[in-house]
Each structure stands twice: as structure tokens, then as C-alpha cells.
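Enquirer: Sequence plus the predicted model coming up.
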Amino acid sequence: MTRFLARRLLLALLVVFLVTVVTFVILHLLPGGPARGVLGVKATPAQIDAFNQSQGFDQSIPVQYWDYLVRLLHGDLGASYTLNTDVSTLLAERLPKTLVLTATSTILGILVALPLGVWQATRRGRAFDVVSTGLAFVLYATPVFFLSLVLIILFAQVWPIFPAQAAQGDTVADLLSQPGSLVLPVIAGGAATAVAYSRYMRSSTVDNLAEDYVRTARAKGTPERTILWRHVWPNSLTSVVSLIGYSIPVVFGGSLVVESMFNYPGVGLLFWTAARNADFPVLLGVVLVIAVTTVLGSLLADVLQLLIDPRVRVPGATS
Amino acid sequence: MRRGLGRLAAMVCCLALAACAGGQVRHGVGGPNTVSFALPPSAAPNWILPLAIPGYTASYNGVIQSALFLPLYAYDGSSGAVALDDKASAAKAPVYAPDGKSVTITLKPLSWSDGTPLTSADVQFWFDMVRAAKDDWAVYSKGLLPDDVTDFHVVDDHTFTLTLDKTYNPGWFTANQLALITPLPKHAWSHDSDPRKNFDYLVSQAKNLGGYQESPLWKVVDGPFALQSFSPTGQVTLAKNLRYTGEDAAHLDKVTFLTFTSSAAEYNVLLAGGVDYGYVPTTNLGQKPKLESLGYRIEPWNGWSITYIPYNFNNPALGTVFKQLYVRQAIQHAVDQQAISQVIWRGTATPGHGPVPQDNDPIYLSQTQKNDPYPFDLQQAGQLLTEHGWQPGADGVQTCQEPAKCGQGVDKGTRLSMTLLTESGSDETDGTMQELKSELSKIGIELRINAQPLNTVLANGSTCEPSSPACAWQLSYFGTQGSWYFPAYPSGEQLFATDAGVNFGNYRDKPTDDLIAASTLSTSPQAMVDYSARLAEQLPVIWMPNPPYQVSAIDTSLGGITQDPLAGLQPQRWYRR
């Protein structure tokens, strides 16, 4: 177990390092550089030169990357070109808000998805399964921005039950002070998760229900409920749990759209604005955070699977 | 029993959700005498010091600064002509010496919010810092302020005289130079006897966004508003300055500037009644009746701006072609400005024919520019090319067949095929470019459109030497929100003068240089009119329809709003009916 964790951690560090290299190089190879965009149309050539010099753009890319890496190892993510704030401060402000949104929508989505998937599997082919599967496909095929728009039109404009935007403020407490403003963003962000995981859970449960051990249990007269929740449920869960960790980039991607639609001041919005303004330090900071979160998520998924599924611990058992 | 429990649970959920959602106010946020104003998408105020460094000159920063700190001279164009706004200025009208080489300024009897009178020393404080740190001042341009002022002489506490390095056009000097000055509270902000150190200190304080609210520096103001809150995420609330001593006091208790991730997010909140003074994306203008039924009035806000596509006269492949006036005339004849303005911009854009803002200015606009010397006329455009030795090739693209007629430097076989680097992300701009491509193709000019983010367009479409790889661009467009917003006096020293900083296309024309010089130096307004006529005829760029600054949606219960083409707000004049 320790050796496994150490190996996975080393691999995780390597992945994060490679992500920073690739992102840094791609950003710095963009033609023109950020100076004109940051300083505006009216900037003079002297001001542009001064900006490029102050940001080290007059150095070669390897030298710039080395400087970035050294600063990064000292905990310095740089300062935003346009927001007049350190990237670490920006991330400290925005990341908790995004985590509130993504965690709430993911947890709620999974809480709906898992029982729904099991329910659909146990009623396979019946009216409930057919209808809920059809609805799930419709919802799964609906882009997040469209779903957000529908929710806003219905529940903020036609029936003004919820605000059309998230609460504005500097802290998570500000955000949570108006819980009603979180309802629509959480539904928009969690719908896709609920639908996707209900499909995974349904398939996994259907597969397990057809296994020999279920037939044996039934032959022994084990009650159906016990078979389902004591035997089938944990076995079905193993494959789904690993997916949760791997879905973190998708969740972050979805949060970008949700944040944009609901005026939610999180990391997704920060990334979007930075991309529009060629704000390299912020882009690098956000990519780094997402890379680290993704790597940790997949690591966590591996560990969870290790704990849940004994077959993973025994070499060759799964093959 | 189960069904009953289910229904009960559903009712509880609905009630809980409804309770969570309670308290939403229609039309704006805050109390009855407050107004919420929507900032442009992704815009977040980030600079409070009325002395900006490069990168912090956004108009919304200026709006907040001028509400807190009165500029020496404010200009306003909401009356139809851009003119001095006496009530919003800290000084009385300037008095120029008969020889025009000095100007005497008298401050109004104003006080800072801590009770200290505003004096000449507060203006000198600003001036000394700018002189000491001019290279770091965002607005600095060599030869202009502070270089053009050779002496600052304090006459008394409320009067001072500036000696100028030469005679300037007073209208230009007041509008484009003196209007840049903002008196600063020396007694509260002076940190060191060295102006350079003071500048650095104030800049460092202004960089601390999180400290704006608590810093004692920003609590000393002389404007009609004081800072109530300034969130690092961009939301700003200004409260009425109860110790304001001027003649332009605020009617409202508070004004809140709201930030939005996108125009779609803003529009959704607008429809839900969460904004008092917002904007409507042009693509949503079809919903005008719905907005009006919700209690908004819809008004385009025209900018003090022009919109154009620069030619790169230094481009190795087509620079010599662009230098031929008849080619530029043919291209201009192929721009259907009425169609672009009426159809693509849904009537909110204004056709532009020259270097002076077309829809706001009755003073400097020449008859030549006003009358559109090159109206949409494809036949005329084609004829100009034919007469000058161009014939369509096998692919339909015009090719120079008679170099002697095509013009100096244009080789036989040169094709009228050009690439337009244009900003992406706007339906209106995409439509405009497709329309232009379509019309140009009808006269045998091939236009390839290369859409890139605005930042890339600006970075790659700027001034260059012919031998440089950076000179590969041929045409560029960055005018989705107008290409250029002028200060109060719309002269062209930064745009079309030889080697000017924003003369991206490297346009060179001696008569134009002379007219620009005359417009800033002579006292006659005729120079500006002549300049307008010259560039309307010479076409240093492709003149394009000028989009509005924004199409505003204003709560009908709000009065006192005049949409200033200079993008000023003057929120102190807003009131609730």
C-alpha cells in the first residue's frame, strides 16, 4: 500500500510538472504576446517594451520557464496583469467558491444518481426505466448553458422564485448568506453528473445482477433486498467510484459555463476572463490548480478502489 | 401512506426553496434611493488613483475616480456637442494669455471631505508627481503633458499659472491636456518630499485592491461621492459624500457598480429585474418590447469614437497597392455602411466617413465627411480598378495587367487578394466581415478573414517596419466596440500623424501632418474641419460604421441620466422619480 501510494505520488508530481511545461510553452508561443492586449490600444511602443521587459518576455522561453518554476517552488504564482492582485490571492478568494459549487452539485448529483441507477436496474425494461432513461438521455444531451438558460427563464423570470445570479461578495460566507441564489447554479451543474452517474450505476448494477453469486444467493433464499444492498450495491459501486476522481476536469469545465451563466465569481470565471485578456499568470495558476486537483482526484479514486475492491490488491485477480 | 409522505416531502422542499429565495428586489439591488449600474462584461474596476499606470486606464475606472475626485476640467457630450462641464470641474474656466503661452487657472472654493480646503498645492502635487514619473504615467506621450508645461507658478491658494512651451490651440489644450489633471489631497497623501517616491507610494497603495475600503488615503475625497465598498472581485458601491462642497451634489444615497461574467449573464439579471441601468446585447434587441413592458427604456449610447480598418502601408506584399488612392476609394465604395448599420447592428451603429465622430459633433465635422465622399457603389468601385489597369484573372480576382496604370511600385500580376485580421467573439463583427467579403468579391477583390481574439489582433496588427516579420498583416479590425475613443478634442495626433503611437498602418501624409499640427497649435477651429475633410477624402483607413458604446436599458423611474459620448456617467445627477 505504501509503495503503491509513493509510486502514484511520484507519478502525480511528474504529471503536474509536465502540465506546467506544456501550458507555459503553449501560452508563450502565442503570437504577439500579451502586452498590447493588457496595456490597451493607446499604449506607446515604449510602454509595451517596458511591460515586456518587466515580465521577462525579452528572455528565451526556457529562461522564462525556469524563472517561473523557481518562483512557483517559493509559492509565488505571480500577479495578474489586469486584476491588480496576486494570483495566489485570487485563487484563495475564488477557489473556495468554485469548490462550494462543484462539490455541492457533484454530491447532490451522485446522491440522486446512485439510487436512481439501482432503481432503474431493478426495474429494467419497465415503464419507469424506459421513461427515466429517455429523460436522462435528453438531459445528458442538453448543453449546460442551455439548461442554465432554461432554469433562469423558468425560475427567475417567468416564476421569480430564485435570483438569476449567484450572490456577489468576497467570501464563501457572502455566497452562503443567500442560499437561494445557489439553487439554480447547483441544479445546472449537478444535472449532468446525476444523469451520467445514474447511467453508470444502472449498467453496473444490471451486470452484477446477472452474476453467478446473485443467482446462488437467490437459490439459497437470501431476501432480494439483502442481495441488492449487501452484495450487488458494493460491487456495482467500485467501478463508479473510480469515475468520480477522473471526472474532476469535466466538473471544472462545467463550472466554467455555470459560473459564466449565473455570474458566479469562481475560478471558472477567473479562467474565462484571464483567457480573454491573455492574463498568463492567472491562466497558469488556474491550470496548475486544476492539474493538481485532477491528479489528486484520480489518486483518491485509486485509493478508494483499493479499499473497496479487494481484487485490486491481489495482482492478477482482476484479469 | 407512501404517496402522502411523498407529497408532504415535495411540499416541504418547495417551501424550503421558496424561503431560501426570499427577498429578491425587482429592478436593482439595495434601498429605494440607490441605483445599480451594470459594468461591461468581464469588466472589474481595479484602479482608484486618478493617476493611472499603463494597463489601468479603463473607462469604468475613470468613472469611479471622477465621482470621488473632481477633475480640474470635466467634459461632457450629452448635450449633443462635447463641451466643458463646469459643474463637474474643480476649476473655473481657464484664462489664456493673449500670446497663448500661458494659462491662469482659478480653483473653485471646494474642500476635501476631511474639511481641508482644496488649494493650488493640491494641483501642484499632482503635477510634480507626473513630471517626476512621466514614463510610468499611462497617458504620457512625448512632447505633451507634462513636457509642454515649462513652469507651474502658484499665484495664491486658489490660483496658479502654467507657462507653456509654445502657443497651443486653447480648445485643444484645455480639453486634451488640462482635463488630464486631477487635484489630489496633498495634506493626506503626501508621503515623502520627493515626488517620485510619492508617486511610487501611491501606486503601491493603489495596487492593494483589498485595502481600498479600509485605507485612510481613499477616504479623503472632494467629489460628490465617497467610497463605501470596493470588492476585489469588482463590485463597487459609492455613497453620497455628505461633506461635498461643490454645486453638483448627488441626489442618490448610493450607486452600486455590478460586475458580470458575460453579457448573457447581465441580460438574464436584467430580465429578472436585478439591474437599474444595464445594457442589452445587440442580438437581443428583438426583445425590446418585452424589456419596455418590464419598465425599462432602451436607448443606444453613442460613443465619442470612430471605427475603421487600418491598411498596413508597410506590408511587403500589398503596401504599394494600398498606397494607391484609387484602390482605397474602390474598397471604400464597396462598404455597404447602411446595410451593416441597419441590418447587422439593428440600427444602432452609425455610418462613418472620416476621422471625426460622425454622430455627435457639429463643430469639427466637415461637409466632405458628412456627405460621404465614397458612397456604396459597386459599379464605381469596379470602374476605378478597370481604369487603372486591373482585370479579373481566371479565378475572378483582379490582377494588375498594366503596371503603368496600376501605380508606382505595383508589379504586373499583383492580385487584389488580402487578409483581414479581425477580432472574434462577436456576431455583429462576424456578420460585418462576411458582408464586406461578399461585396468586395463582387468587384474582384478577394478578402480572407482571419478571426482571432482581440488581444491577438491588437498584438499582431500594430506599427511595424516593412522588413519585419511583424509586418505580415494587411488589414486589421478591432472595432466591435469602436476602434478609437477620443478625449474631448477629437484631433488625430495619436492616430494619423506620421509615426504616431497608434498609427498602426504606418500612414504618412505631409498635408495631414500639417493639419494635425495646426489643429493642436492654431487657435482657428477651421484646421480641424480641414483635417476632417482631408482624411475623409484620403482614406488612410477603411471607414466603417461606428457601433454604440452600448445599448442601455434604463429603469423608467430613473431620471437625470444623459448618456455622455465620452463614456462619463455623472451619477450624482441621477435621481428617482
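Expert: Structure received.

Enquirer: so where do the helices sit in the stretch 351-500 of chain B?
Expert: Per DSSP state H, counting those that start in this stretch, the stretch 351-500 of chain B carries helices over the ranges B:367-370, B:378-387, B:403-406, B:427-442, B:454-460.

Enquirer: Equivalent analysis for the stretch 101-250 of chain A, please.
Expert: Going by DSSP H, counting those that start in this stretch, the stretch 101-250 of chain A shows helices at A:127-141, A:144-152, A:172-176, A:180-209, A:212-219, A:224-226, A:233-246, A:248-261.

Enquirer: A:G37 is nearest to which of the ones you listed?
Expert: helix A:248-261 (19.9 Å; CB to CB). C-beta: built from backbone N, CA, C; applies to glycine.

Enquirer: And the next helix or strand past the closest one?
Expert: helix A:267-277 (DSSP states H and E).

Enquirer: Output the contacting helices and strands for that next one.
Expert: helix A:87-122, helix A:248-261, helix A:280-308, helix B:454-460 (3 or more CB pairs under 8 Å, 6 or more residues apart in numbering or on different chains; DSSP states H and E).

Enquirer: closest point of the stretch 51-200 of chain A to chain B, which residue?
Expert: Nearest residue of the stretch 51-200 of chain A to chain B, counting by CB to the nearest CB: A:G180, 3.4 Å away.

Enquirer: Count the neighbours of that residue for me.
Expert: When neighbours are counted by other CB atoms under 10 Å in any protein chain shown, A:G180 registers 19.

Enquirer: Is the spatially most central residue of chain B bridged to anything, and to what?
Expert: Central residue of chain B (CA atoms, centre = their mean): B:Y485, 3.4 Å from the mean position. Taking DSSP bridges as the rule, B:Y485 bridges to B:S305.

Enquirer: winner for burial among the helices of the stretch 351-500 of chain B?
Expert: Most buried of the helices of the stretch 351-500 of chain B, by mean neighbour count (mean count of other CB atoms under 10 Å in any protein chain shown): helix B:454-460, with a mean of 23.

Enquirer: Low-confidence stretches in the chain?
Expert: With no chain named, the answer covers chain A. Low-confidence segments of chain A (pLDDT under 70): A:1, A:31-32, A:310-319.

Enquirer: could you do chain B instead?
Expert: B:1-30, B:360-361.

Enquirer: So B:Q452 is in contact with B:T419, correct?
Expert: No - if you go by CB atoms under 8 Å, B:Q452 and B:T419 don't touch, sitting 11.3 Å apart.

Enquirer: about what we covered before: the helices of the stretch 101-250 of chain A into CSV, with extra columns for distance to B:R508?
Expert: CSV is the format used below for the helices of the stretch 101-250 of chain A (distance: least, CB to CB, whole Å):
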stretch, distance to B:R508
helix A:127-141, 57
helix A:144-152, 48
helix A:172-176, 55
helix A:180-209, 55
helix A:212-219, 85
helix A:224-226, 87
helix A:233-246, 59
helix A:248-261, 44
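
Enquirer: Would you mind naming what in the stretch 151-300 of chain A lies close to chain B?
Expert: A:152, A:156-157, A:160-165, A:168-170, A:178-181, A:183, A:259-265, A:269, A:272-273, A:276-278 (CB under 8 Å from any CB of the partner chain).

Enquirer: Quick one: buried ones out of those residues?
Expert: The neighbour count (16 or more other CB atoms under 10 Å in any protein chain shown) marks A:152, A:156-157, A:161-165, A:168-170, A:178, A:180-181, A:183, A:259-265, A:269, A:272-273, A:276-278 as buried among these.

Enquirer: of all the helices of the stretch 351-500 of chain B, which lies closest to B:P281?
Expert: Going by CB to CB, the one of the helices of the stretch 351-500 of chain B nearest B:P281 is helix B:427-442, 8.9 Å.

Enquirer: So stretch B:544-564, near chain A or not?
Expert: No - counting by CB under 8 Å from any CB, chain A is not contacted by stretch B:544-564; separation bottoms out at 14.2 Å.

Enquirer: should've said stretch B:505-515
Expert: No - using CB under 8 Å from any CB, we find that stretch B:505-515 stays clear of chain A, coming within 12.6 Å at best.

Enquirer: Can you list the buried residues in that stretch?
Expert: Residues of stretch B:505-515 classed as buried by neighbour count (16+ other CB under 10 Å): B:G505, B:N506, B:Y507, B:R508, B:D509, B:T512, B:D513, B:L515.

Enquirer: Look at the closest residue to the second one other than its chain neighbours and say how many residues are nearby.
Expert: Spelled out, that is B:N506. In this structure, B:N506 finds its nearest non-sequential neighbour in B:N314, 4.4 Å apart by CB to CB, 6 or more residues apart in numbering or on different chains. Applying other CB under 10 Å, we find 20 residues neighbouring B:N314.

Enquirer: got the contact list for B:N314?
Expert: B:N314 makes contact with B:C464, B:E465, B:P466, B:C471, B:G505, B:N506 under the criterion CB atoms under 8 Å, 6 or more residues apart in numbering or on different chains.
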